[in-house]
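*Asks:* sequence first, predicted coordinates after that:
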2 protein chains.
Amino acid sequence: MLSLDVKRLHIDTPPDTLIVMEDEVDRLVAAWRRERPDLDVEPLEVLSRVSRLARHLDRARRTAFAEHGLEPWEFDVLTALRRAGSPYQLSPGQLLTQTLVTSGTMTNRIDRLTAKGLVVRLPDPDDRRGVLVRLTEAGRDKADQALAGLLAHEREILAQLAPAQQTELAALLRSLVAPFDRSS
Amino acid sequence: MLSLDVKRLHIDTPPDTLIVMEDEVDRLVAAWRRERPDLDVEPLEVLSRVSRLARHLDRARRTAFAEHGLEPWEFDVLTALRRAGSPYQLSPGQLLTQTLVTSGTMTNRIDRLTAKGLVVRLPDPDDRRGVLVRLTEAGRDKADQALAGLLAHEREILAQLAPAQQTELAALLRSLVAPFDRSS
DNA sequence: CAGAGATATCTTGACGTCGAGATACTTTCG
DNA sequence: CGAAAGTATCTCGACGTCAAGATATCTCTG
C-alpha cells in the first residue's frame, strides 16, 4: 500500500525492478493524510525534506570536522575569516552578521578560538572601540583542511544525483532562498 | 562582475531584461572561488542552500507557531501524538525516536506540556516501567490549528515555484534524504 | 567644540539541551 | 525459579546560546 503512494524516480523502469526510494517524509505525509484527509499537506513534501536533510547534513558536517578537531561553529568562524581574503581579519561585528549569532556568543567563540591559537585579537587602528579578529597561520591551515574534508563528504552525498540534476536542484533552491536573503 | 557569475534561470530571456535572482550562497561560492580557485566548490551550491533555507524555515515556523502560543518543540511533540491517531498516545521512548532528542530533554518537555494542560501522563497498563503520554482535547486542538497555520505559511513560501517544479524538487530532495533515513 | 545619540564589544543571568548515571521493572535463559 | 542482562524513564551537572544591560568610543549637530 505504501509503495503505491511513492513517487517513481524513473518512470520507465519496469514496475517489478523499480527501486522504491521511500523516506521518512513519505511516512509523515501518509500519516497526515490518514489523520487529516481534509487538509492539503503537499507543502510538507518539499519543506519537511529540506529541514530533515539539513539535520542530517549537520550531523555529517559534525563528524567531518571532528577529523580535524573542529566543532561546526569553529569552522563557521574560521572560514568566514578565510573567505575574507588576506590578511584574513574581520571585526566581531562582521562575524556576527555572517554567522547569525548574538554578540555574547561571538565573544565566547573568539575567546575559545584564541585559546586554541587559531585566531588572535588585535586592536582596530581606526576605531578604538573596535577589535579585529585575525586568523593565525594554524587557523588558516585548519580552515583549508576542514573545507577540503567537508567538500569530499558532500560530494559523496550528492553522488545520488547526476550533475544536471544537481544544477537543477541548486536553481530550484535558489528560488526559495532568494526572497529571504533579499529581505533580511 | 558578479552578475556574470550568476546562473540564469531563464536562458532565453534577453540579457537586459534578465531577472537575476542572486542569493547569499552565490556570494559565498564566489568568495571561495576567489580565495581557493584550485578547489571545486560545486557541492556548496546545493547543500549550503539546503542548510540556509532550513534556517530560514525555522524562523518562519517559529513566528507561525507563536500565533498559537506554541514553541517549535511543542509543535513537534504535539503533532507526533496527533499523527499517531486515536487515542493520541505514545510512550516517551517513541517520542524520542520521532523527535530526535535525548531522554532528559523529553522528560523536560513532557513536564512543561503537562503543566500547560496539553498532554497527560498515564501509567502504561502493560509495562509498569512505562508511561504513556496522551494528548488532551486542548492539545489536539492546538496541534490541529498550528498545523493549518504552518501549511498556510509554507504555501506562501512555495508560491515561488510552479506545481510541477515543487514536485520535481520534492523528488530530488528525496533522493538525497533517503540514504540517511535508511541507515539511521 | 560640547553634548546627545549611535555604535562596538563585552558581561551577566537565565534557559534548554545533552549525556552519563540512577532507579525501577521486565525478559531471557540456565 | 532466580540471577543476569536488557529496557524505560527520570535526575543531575555541564555547556552553549541568547537577550539585556554596561562600558567605552565615535559621530553628528548646532
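*Replies:* In hand now; what should we look at? Numbering: from 1, shown residues only, chains lettered A, B, ... in the order given.
*Asks:* who does the longest helix anywhere in chain A touch, helix- and strand-wise?
*Replies:* Counting residues, the longest helix found in chain A (DSSP state H) is helix A:42-66. Applying 3 or more CB pairs under 8 Å, 6 or more residues apart in numbering or on different chains; DSSP states H and E, we find helix A:42-66 packed against helix A:24-35, helix A:72-83, helix A:137-158, helix B:42-66, helix B:137-158, helix B:163-183. C-beta: built from backbone N, CA, C; applies to glycine.
*Asks:* show the contacting residues for the residue nearest to residue A:40 when sequence neighbours are not counted.
*Replies:* Among residues not flanking residue A:40 along the chain, residue B:151 sits closest, at 7.1 Å (CB to CB, 6 or more residues apart in numbering or on different chains). With contact taken as CB atoms under 8 Å, 6 or more residues apart in numbering or on different chains, residue B:151 is in contact with A:39-41, A:43-44.
*Asks:* ok, of those, which one's closest to residue B:59?
*Replies:* The nearest member of these to residue B:59, counting by CB to CB, is residue A:43 at 16.5 Å.
*Asks:* residues contacting the closest one?
*Replies:* Applying CB under 8 Å, 6+ apart, the residues near residue A:43 are B:151, B:154-155, B:157-158.
*Asks:* now, of the residues you listed, which are buried?
*Replies:* When the contacts of residue A:43 are checked for burial by 16 or more other CB atoms under 10 Å in any protein chain shown, the buried set is B:151, B:154, B:157-158.
*Asks:* which residue would be the closest one in chain A to DNA strand D?
*Replies:* residue A:104 (2.3 Å; CB to the nearest atom of the strand).
*Asks:* so for that residue, what's the pLDDT?
*Replies:* In this prediction, residue A:104 carries a pLDDT score of 95.
*Asks:* do residue A:19 as well
*Replies:* pLDDT recorded at residue A:19 is 57.
*Asks:* torsion angles phi and psi at residue A:23?
*Replies:* phi -130, psi 180 (degrees, to the nearest 10).
*Asks:* distance-wise, check the residue nearest to residue A:40 relative to residue A:82.
*Replies:* Look at residue B:151 and residue A:82: by CB to CB, to the nearest Å, they are 40 Å apart.
*Asks:* now swap in residue A:51 and tell me
*Replies:* According to CB to CB, residue A:51 and residue A:82 sit 28 Å apart.
*Asks:* what's near enough to touch the nearest residue to residue A:41 once chain neighbours are set aside?
*Replies:* What sits nearest to residue A:41 in space, not counting adjacent residues and going by CB to CB, 6+ apart, is residue A:32, at 4.7 Å. With contact taken as CB under 8 Å, 6+ apart, residue A:32 is in contact with A:39, A:41, A:44, B:83, B:147.
*Asks:* in JSON lines, list those along with neighbour count.
*Replies:* Formatted as JSON lines, the contacts of residue A:32 follow (neighbours: other CB atoms under 10 Å in any protein chain shown):
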{"residue": "A:39", "neighbour count": "13"}
{"residue": "A:41", "neighbour count": "19"}
{"residue": "A:44", "neighbour count": "19"}
{"residue": "B:83", "neighbour count": "20"}
{"residue": "B:147", "neighbour count": "22"}
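*Asks:* and which of those residues is nearest residue A:179?
*Replies:* Nearest to residue A:179 among the contacts of residue A:32 is residue A:44, at 19.5 Å by CB to CB.
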